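Peer 1: Quick one: sequence and predicted model below, then my questions.
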Amino acid sequence: MSELFHGLDRLDLRGQVLRWSALEPEGAGGEMNEWLAAAQQFAARLQEDAVRVPEEEWPEVARAWGQLLEGARQATGEQRNEWLLRDLWLRASLVRTAGPRLDRPLHDPGEVVERALAAMPMSLREAASRAPRWRELEREQILSLRMIRRLLGPVTFLGGLPAEHPRRDECRMWERLLPDLP
């Protein structure tokens, strides 16, 4: 185990922020399971302590989370959107528990929606035509439909978007596909 991952379970949120803020993502190394554990530890600490984070520290917390995810991407690759999904789920959780805050990093529901929709592996039209007959499709198409379900998870967890959100109707159309997705 690299020194980078040593003792993560003993670090509080501040320790996590300090550890990952100093990370140089290029060449960080590490195995997939180490990065998964690191992301899980950071997210757990942040969710536990979010109400106690001073307003002025949120940019540093967001930077550290971004550095951790970038280090994971550099060391392990995209891993079928693993790092994106972890980011979206953490953001959705913070929005749901603390409310949307456009002025605070990691608390913007629009960011969750935009990034999830941008990562969709096919168009809404394609997904709507394929989803009801997914059992007849090739493996890669089925995996793409499953990815749509996974990407919609954090979006639906937000509990809806305000009426004025520019992509609210589009999200609703995607969400209507959920019962048919594998």
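Peer 2: Yep, that arrived.

Peer 1: Could you name the residue of the chain that is farthest from its center?
Peer 2: residue 136 (30.1 Å; C-alpha atoms, centre = their mean).

Peer 1: residues in contact with that residue?
Peer 2: Counting by C-beta atoms under 8 Å, 6 or more residues apart in numbering, residue 136 touches no other residue. All C-beta spots, glycine's among them, are computed from the backbone N, C-alpha and C.

Peer 1: Looking at it now. What's its pLDDT?
Peer 2: Residue 136 carries a pLDDT value of 98.

Peer 1: does the closest residue to residue 23 other than its chain neighbours sit in a helix or strand, and which one?
Peer 2: Among residues not flanking residue 23 along the chain, residue 67 sits closest, at 4.6 Å (C-beta to C-beta, 6 or more residues apart in numbering). Using DSSP states H and E, the element containing residue 67 is helix 58-76.

Peer 1: Average pLDDT for that helix, rounded please.
Peer 2: Averaged across helix 58-76, pLDDT comes to 96.

Peer 1: Same question for stretch 36-53.
Peer 2: For stretch 36-53, mean pLDDT is 95.

Peer 1: next SSE after the helix holding residue 67?
Peer 2: Using DSSP H and E, the helix or strand that follows helix 58-76 in sequence is helix 82-98.

Peer 1: Contacts for the helix or strand encompassing residue 114, please.
Peer 2: Taking DSSP H and E as the definition, residue 114 sits inside helix 109-118. Residues from elsewhere that reach helix 109-118 (C-beta under 8 Å, 6+ apart): 84, 87-88, 91-92, 95, 100, 102, 151-152, 154-155, 158, 161, 165, 167, 170-171, 174.
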